[in-house]
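This is a predicted model, with the sequence first.
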Amino acid sequence: MDNADTILIRAWELWLADPTDEKDEEIEKLIAPLVDAGYAEVEGYTWGFTPEGIKRAEELVPED
């Protein structure tokens with residue numbers, strides 16, 4: 001697992017959790033590395049996981 005995967009796991013966990021201002025601030029810091037890795041994309045003021053990011057996150061973070 002590389003650093004991009006570690007960042008993806010954390011962002012995925014935050015995204016699935018109940019939203020708070022603290023979580024939003026942490027996610028904001030993770031977006032640029034996720035975009036660089038091809039795991040997220042930004043359009044205007046909105047970001048989201050790419051299909052590749054979703055697939056990789058589902059591989060790394062098994063469902064409960």
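Looks like it arrived, so ask away. Numbering: from 1, shown residues only.

and the longest helix along the chain, what's its mean pLDDT?
If you go by DSSP state H, the chain has its longest helix at helix 21-37. For helix 21-37, the per-residue pLDDT values average out at 94.

and the next element down the chain from it?
Next in sequence after helix 21-37, counting helices and strands by DSSP states H and E, comes strand 40-43.

List the buried residues for the longest helix of the chain?
Judged by neighbour count (16 or more other C-beta atoms under 10 Å), helix 21-37 contains these buried residues: 27, 30-31, 33-34, 37. Placement of C-beta: from N, CA and C, glycine included.

so who does the residue sitting nearest the centre point of the chain touch?
What sits nearest the mean C-alpha location of the chain, by C-alpha atoms, centre = their mean, is residue 11, with 3.5 Å. By C-beta atoms under 8 Å, 6 or more residues apart in numbering, the residues touching residue 11 are 27, 30-31, 34, 39-40.

how about 6 Å then?
By C-beta atoms under 6 Å, 6 or more residues apart in numbering, the contact list for residue 11 reads 27, 30, 34.

still on that earlier bit, which strands or helices does the longest helix of the chain pack on?
In terms of contacts (3 or more C-beta pairs under 6 Å, 6 or more residues apart in numbering; DSSP states H and E), helix 21-37 is packed against helix 3-16.
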